[in-house]
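Asker: Need a 3D model of the sequence below.
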Amino acid sequence: MSIASSPAAVRSWFDVVAVRKQFPALSLRHGEREAVYFDGPAGSQVPQTVIDAIANYLRTMNANHGGVFATGERSDALLDEAHRAAADFVAADDPECCYFGANMTTMTFALSRALAQTWNRGDEIVVSRLDHDANVTPWVLAARDAGVIVKRIEIRDDCTLDLDDLRGKLTSRTRLVAVGCASNAVGTVNPVAEIAAMAHAVGAKVFLDAVHYAPHRLIDVAAWGCDFLVCSAYKFFGPHVGIVWGRRELLESLAAYKVRPAPNELPGKWMTGTQNHEGIAGVLAAIDYLAGLGSDSQGPAAPTRRQALTRAFSKINDYERELAEQFQAGVDRLPQFRSYGIVDRARFAERVPTFSIRHRSFPSIEVARRLAAAGIYAWHGNFYALPLTETLGVEPAGLVRIGLLHYNTKEEVEYLLDVLKAIE
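Answerer: Sure thing, here's the model as predicted:
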C-alpha cells in the first residue's frame, strides 16, 4: 500500500484568493509586486488565526501545567484539546499517545536514546539515503553507542527508494527502519505502508518522519502501520513545535530520559521540562485552520475534525498537483536547468510539489540570489538532506529548492519560470 494518492478525475474547486487573505505575511511587498514565498519546505507562513491563538494564550491563560486556579485550568483544557487535535491530524485513536516538544530533531534524538537501550551489540538498524539528516544521524549515533550495525537504503536514479535493496538488507537482527514519508529536497513520496509491512515481517520497529509530508497530504498512522511518527507544526502553517505519535505499549515500556517529579503516565512522561504552551495553542489553531478548509457546514451536520482534514487535504493535493505540473512543464523548457527526482508528470501522485533544480553554469547560491532580487524567496544548499545531496554528488554547492504550497498561485509559478528563463 502506498501513501501516494491517485490522480483526481476532476480537480477539486479551491479558492486560493480566500486562502491567501488569511496569511498576513503574503501581503509583504517587493517593489511593485507582492513577495513570492517558495521557501515553505524550510517553514511555511502562518494564518492570522494561529497568530491570534498564540497571542490569546499569553493574554488569557498563561500558566504552567497543573494549576488549580483559573488560568491554570484554562491552559490545561487548551492543552488537552491540542492533544486531541494532534491525534485527529495523524489518525490516532488515543490523544495521550501524541506528545509535543521543541522540534523534530530534538525529539528524535531523545527517542533514539531510549530505543537504543533496547538494542544489543550486533543488532542492525536501517536508514535511507533520501532522508533529512534528522532522521539519519540520531539513529546512527545511537547505533554507534550501542554497538549496532547501520545499513542504508539506496536510491534509484529518479530519487526513489530502492525497495529491493531494502528487502535484501532486512534480517532477523533488524531492530528499526527509519524513513521519511516525503523527501524535503526532491518531493518523493515513499510507500511507507509497504515499508512498514516489510520491516514488521522481520520484527523491526518503524519510525516515520512526516515533517515534509504534513502540509501536503493526509497522515494516517493507522493505515500505514508504523510504530512512531514525527512531524513539526512550523511546516504545516503553525509555530515551531514538534509532535511525536507512538504506540502506547512502546511509549509506556521505553525508559524516558526525564526528571524525577515528571509523571510516568502518557503523555507527560515524554514531554520533558516546561512546554511551549503558547506554541501548542498555535499548533491547535494550525490544525483547525486546515480542518476549516474541508468544512463548509456548522452544527450537527458539521464533519468531525478528522473528516474535515480528509476533505481539506483532498483539495490541497489536487490544487498543488496543478501547480506542480505547471512548474515541471515550464522547467522542461529550460535546458539550462536540471531537475532532480520524479519529473514524469504522469507519476506526480508519487511526489509532493517540492522541486530541486541546478543550473548548468551558476552555483545554486547565485541562482537563489537572483531569485531573491526578483522578490522570489527560495532556498539553496542541501536543506539538511545531506545523505541525498552527497549521493547525488552535488556537494558543496547543493541545489535550488522550489517549494509550492496551497497558498501559492499559478501566476506566481509563471513569474518564477520567467525569472528562471532569464538566468542563462
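Asker: Can you tell me the SS state at Glu366?
Answerer: Using DSSP: H, G, I helix; E, B strand; the rest coil, the three-state assignment for Glu366 comes out as helix.
Asker: For burial, what's the neighbour tally of the nearest residue to it once chain neighbours are set aside?
Answerer: Taking CB to CB, 6 or more residues apart in numbering as the measure, Glu366 lies nearest to His359, with 7.8 Å between them; neighbours along the chain are not counted. For glycine as for every other residue, the C-beta is placed from the backbone atoms N, C-alpha and C. Here the count is done by other CB atoms under 10 Å, and His359 has 20 residues near it.
Asker: does His359 really touch Val367, like I thought?
Answerer: Yes - A contact is recorded between His359 and Val367 when judged using CB atoms under 8 Å, the distance being 5.3 Å.
Asker: Pull the contacting residues for the spatially most central residue of the chain.
Answerer: Taking CA atoms, centre = their mean as the criterion, Val211 is the residue nearest the geometric centre of the chain, at 1.8 Å. If a contact means CB atoms under 8 Å, 6 or more residues apart in numbering, then Val211 has 104, 132, 134, 180, 184, 230-232, 235 as its contacts.
Asker: Can you give me the domain boundaries for this structure?
Answerer: When the chain is parsed into structural domains using automatic domain parsing, the resulting residue ranges are 16-46+305-421, 51-288.
Asker: can you put these in JSON lines and add distance to Asp296 and mean pLDDT?
Answerer: JSON lines is the format used below for the domains of the chain (distance: least, CB to CB, whole Å; pLDDT from 0 to 100):
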{"stretch": "domain 16-46+305-421", "distance to Asp296": "9", "mean pLDDT": "98"}
{"stretch": "domain 51-288", "distance to Asp296": "15", "mean pLDDT": "98"}
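Asker: Turn the ones you listed into CSV, including distance to Gly294.
Answerer: Rendered in CSV, the data for the domains of the chain read as follows (distance: least, CB to CB, whole Å):
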stretch, distance to Gly294
domain 16-46+305-421, 3
domain 51-288, 10
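Asker: Ile195 and Thr160: what is the separation?
Answerer: Ile195 is 12 Å from Thr160, where distance means CB to CB, to the nearest Å.
Asker: Please apply the same query to Ile342.
Answerer: Distance from Ile342 to Thr160, counting by CB to CB: 7 Å.
Asker: Show me the common contact partners of those two, please.
Answerer: 188, 350.
Asker: out of the two, which sits in the busier spot?
Answerer: Ranked by neighbour count (other CB under 10 Å), Ile342 and Thr160 place Ile342 first, with 23 against 20.
Asker: so what's the more buried one closest to, chain neighbours aside?
Answerer: Arg351 (4.7 Å).
Asker: gap between the one you found and Leu309?
Answerer: Plainly put, Arg351 is 21 Å away from Leu309 if you go by CB to CB.
Asker: Which parts of the stretch 201-350 of the chain are helices?
Answerer: When secondary structure is read from DSSP state H, counting those that start in this stretch, the stretch 201-350 of the chain shows helices at 221-224, 248-253, 277-292, 305-331.
Asker: Make CSV out of those helices and add distance to Leu386.
Answerer: As requested, the helices of the stretch 201-350 of the chain are exported to CSV (distance: least, CB to CB, whole Å):
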stretch, distance to Leu386
helix 221-224, 26
helix 248-253, 28
helix 277-292, 27
helix 305-331, 24
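Asker: Indicate which one of those helices is closest to Cys97.
Answerer: Of all the helices of the stretch 201-350 of the chain, it is helix 248-253 that lies closest to Cys97, at 5.3 Å by CB to CB.
Asker: residues making contact with that closest one?
Answerer: Where contact means CB under 8 Å, 6+ apart, the residues beyond helix 248-253 that reach it are 94, 96-97, 205, 227-228, 266-267, 269-270.
Asker: Would you mind listing the residues in contact with Tyr37?
Answerer: By CB under 8 Å, 6+ apart, the contact set of Tyr37 is 25-26, 45, 377, 405, 407-408.
Asker: Quick check on the residues you listed: which are buried?
Answerer: Among these, those scoring as buried are 26, 45, 377, 405, 407-408 (criterion: 16 or more other CB atoms under 10 Å).
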